[in-house]
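>>> how does the following fold in three dimensions:
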Amino acid sequence: MHLRLPLIIASEMIWLIVLLPGAASRGQDETSPFVHPGMLHSQDDLERIKRKVHDGVEPWASAWDLFKRNSLISKNYRPHPIEVVGRGVGSHGQDDIAKDSTAAYYNAIAWYVTGDETYARQSIDILNAWSSTCKEINGHDAVLCAGIYGYKFANAAEIMRHCYRAWPEDEVHQFEKWLTLVVEPVIHDFATYANGNWDACCLPTMMSIGVFCDNRQTFDRAVRYYMDGPGNGALAHYVINETGQSQESGRDQSHAQLGLGFLALACEIGYHQGLDMYSAADNRLLKGLEYTAKYNLGKDVPFVPFLDRTGKYKANSIAALSRGRFAPIWELVYNHYHNRAGIESQYLADAAAHRRPEDASYDQPGMGTLLFTQSVSDKRPTAPATPGPVMAAATNVPGDLRWIASLGASSYSVKRASQRSGPYRVEADDLVSPSFVDATAEPGHTYFYVTSASNSVGNSPDTLDMPITAGLPFPWQSRDVGQLKVLGRTRFDGQTFFVEGAGSDIGSTQDEFQFVYSPVSNDCLLTARFVPQEPSQFAKFGLMMRAGLRSDAPCVALLICAETNRDAEVPGWRLKLLVRDSTNPTAKEAVTGPNLDTPTVTWNRLVKPYWLRLERTGNVFTAYTSMDCQQWERLGSVDVSLVGELSCGVCVCSRLATVSTTAMFDNVSISNNKQTAQNP
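Numbering: from 1, shown residues only. Model prediction:
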């Protein structure tokens, strides 16, 4: 929700956009209950595994023989929790957390199949050891540590909490607290600066935390990212085209399978909560799996030279490295698409057969033959579950909405309100697909949308309400400046501007970027907070006051910039005050600040919010920065004549001519507050 407060300046009115906190507030448990157990395994799944093993049915029997020989499934296993654990440079303990998370998960399965409570106590001991000891996850690859091992801990805990039922409640709450305070913050903003398997590994862990903690907002955050995230790990950015080529197909086949496997785990968790993430975007994930299986089976596949979202990883040909080495991801996806969905794929079938029975894995669940082999689905119809969260579609059409389908739904209803918590009015009913264009939405107005699903059995609960703006709020406008090869776009959710821009550069004699701006004629103060994280590791983005929208227009810009001529893995983020005046068509760096440091930048990644402010007083433009909007530092000033009405706002340039990037800004305001301007 936003308030528009008019500030009168002579004959002109400037709008101060006050952005209010946007957390969804509809009752989570009441409107959108989760299924328990409901992550990688439902109660029916666990019962099927147990029954098939006890009856000696293949392939479960052979898979069980392999499973119980694993050294992690031991009545004498001892956990090795570490107070500060991590992965990669600057950390230690990766082996310990990898083994213990897998052991907790495998022992939970062993208990369910055998009924031997020693395994249950073993799993709970591991969970309690880590939740009572571990206070921090760190290191260069901290996101991988939390993402890859977090979902295994959570799945073990889900089985113990909802099936064993002898885990003391205070210990359960201690583990819940550990997930929310230690694990989730590490993956909260995903990892848009990396290869897609980094983002993808965050999804199953974030969804698992949402389920275990009955937190629909956390769960929905991951589902939205799967469909519409800015980084390489979102579905359409990982499976980059309709042929199924993946972002890491040109890297090596192990990582390509790793990323696809994590996306599949997110889909499996979604499946047990009634969402059809597997079929999203016209079965995009299946296309990626078929492509990768086909190539690893020794067959030819098409390949398009590709530059990823970060700009760091370019591939001109498909990678033969680790070709034919099948990761333990294929039983899960084969059994879903073949046995549940009834979709035939010989490539998936042959890939699954290569490692049957699948053995243990630290990075993936492993043991897929035992854990995920399905009989042909004969489930009776039930009322559909709550659909996925409502999102603005990836178009420039105001009111274009979409969401993840509910399994078994035959129709959907969309309701909207002008304020959080209603009253709601039905805008569309009996929609047969999970999409809707709200043609009656007033341009620039923020609405709160909920959806529900229906079939012959019944109706689902509503989704949490989601703020979506039809275009941009008055008086903001957006457009590409310069001749861009990739068109930009901007959307607003009532709190945050999501600015997607491509372009070669901001500077020199010609600019190329996406600009979100408002016209201003007098002195003013422009403020915004950058919200991490930013995909392009070559980007320039920040605040700009500009005399016109030509690519060579005079301007002043306060920018966060990746350094040029640096290793892309260590971009060296720096503040710059850029100026182009009417007498010199070449922009110059009037002020260059030091490289941003911790906590804003960690491991050369922008990971914390950062405030920017640009003040105009006559011909003097002054730049300020802040960590908290309380203590402001003056970066510098320039004296330059910008004539006439200025366009003031936020600019984003990927500095990758053929690839766009997304930067997010909230608390965006333009005011004429003289006192604030003088004492920032």
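
>>> OK, contacts around the residue lying closest to Val650 once chain neighbours are set aside?
For Val650, ignoring the flanking residues on the chain, the nearest one in space by C-beta to C-beta, 6 or more residues apart in numbering is Val516 at 4.7 Å. All C-beta atoms are positioned from the backbone trio N, CA, C, and that covers glycine. Residues near Val516 by C-beta atoms under 8 Å, 6 or more residues apart in numbering: Leu472, Trp476, Gln477, Ser478, Thr490, Phe497, Val499, Gly649, Val650, Cys651.

>>> wait, a strand at Val516?
Yes. Assessed by DSSP: H, G, I helix; E, B strand; the rest coil, Val516 belongs to a strand.

>>> if we can go back for a sec, as a markdown table, the contacts of Val516 with pLDDT and secondary structure would be great.
Output for those, formatted as a markdown table (pLDDT from 0 to 100; DSSP: H, G, I helix; E, B strand; the rest coil):
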| residue | pLDDT | secondary structure |
| --- | --- | --- |
| Leu472 | 95 | coil |
| Trp476 | 96 | coil |
| Gln477 | 96 | strand |
| Ser478 | 96 | strand |
| Thr490 | 96 | strand |
| Phe497 | 97 | strand |
| Val499 | 98 | strand |
| Gly649 | 98 | strand |
| Val650 | 98 | strand |
| Cys651 | 98 | strand |
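
>>> let me know the helix or strand that the spatially most central residue of the chain is in.
Closest residue to the average C-alpha location of the chain: Tyr225 at 3.5 Å, with C-alpha atoms, centre = their mean. With elements taken from DSSP states H and E, the one containing Tyr225 is helix 216-228.

>>> show me what whichever helix or strand comes after that helix is packed against.
Proceeding N to C from helix 216-228, the next assigned helix or strand is helix 235-238, under DSSP H and E. Other elements packing on helix 235-238 under the criterion 3 or more C-beta pairs under 8 Å, 6 or more residues apart in numbering; DSSP states H and E are helix 196-212, helix 253-272, helix 280-296.

>>> turn these into CSV, columns for distance to Gly147, mean pLDDT and mean neighbour count.
Conversion of the helices and strands packed on helix 235-238 to CSV gives the following (distance: least, C-beta to C-beta, whole Å; pLDDT from 0 to 100; neighbours: other C-beta atoms under 10 Å):
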stretch, distance to Gly147, mean pLDDT, mean neighbour count
helix 196-212, 3, 98, 29
helix 253-272, 8, 98, 25
helix 280-296, 18, 98, 22
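
>>> Arg51: which of those helices is closest?
helix 253-272 (18.5 Å; C-beta to C-beta).

>>> who touches the host helix or strand of Asp480?
If you go by DSSP H and E, Asp480 is part of strand 477-481. By C-beta under 8 Å, 6+ apart, the surrounding residues in contact with strand 477-481 are 472, 487-490, 499, 501, 503, 511-518, 549-551, 651.

>>> repeat that for 6 Å
Gly488, Thr490, Asp511, Phe513, Gln514, Phe515, Val516, Leu549, Ser551 (C-beta atoms under 6 Å, 6 or more residues apart in numbering).

>>> is it true that the fifth one touches Val652?
Yes. Assessed by C-beta atoms under 6 Å, Gln514 is found in contact with Val652 at 5.0 Å.

>>> quickly list what's touching both of those two.
By the contact definition C-beta under 6 Å, 6+ apart, Gln514 and Val652 are jointly contacted by Val499, Gly501.

>>> tell me the secondary structure for the residue nearest to Glu171 when sequence neighbours are not counted?
In space, and not counting its chain neighbours, Glu171 is closest to Asn128: 5.4 Å by C-beta to C-beta, 6+ apart. Per three-state DSSP, the secondary structure class of Asn128 is helix.
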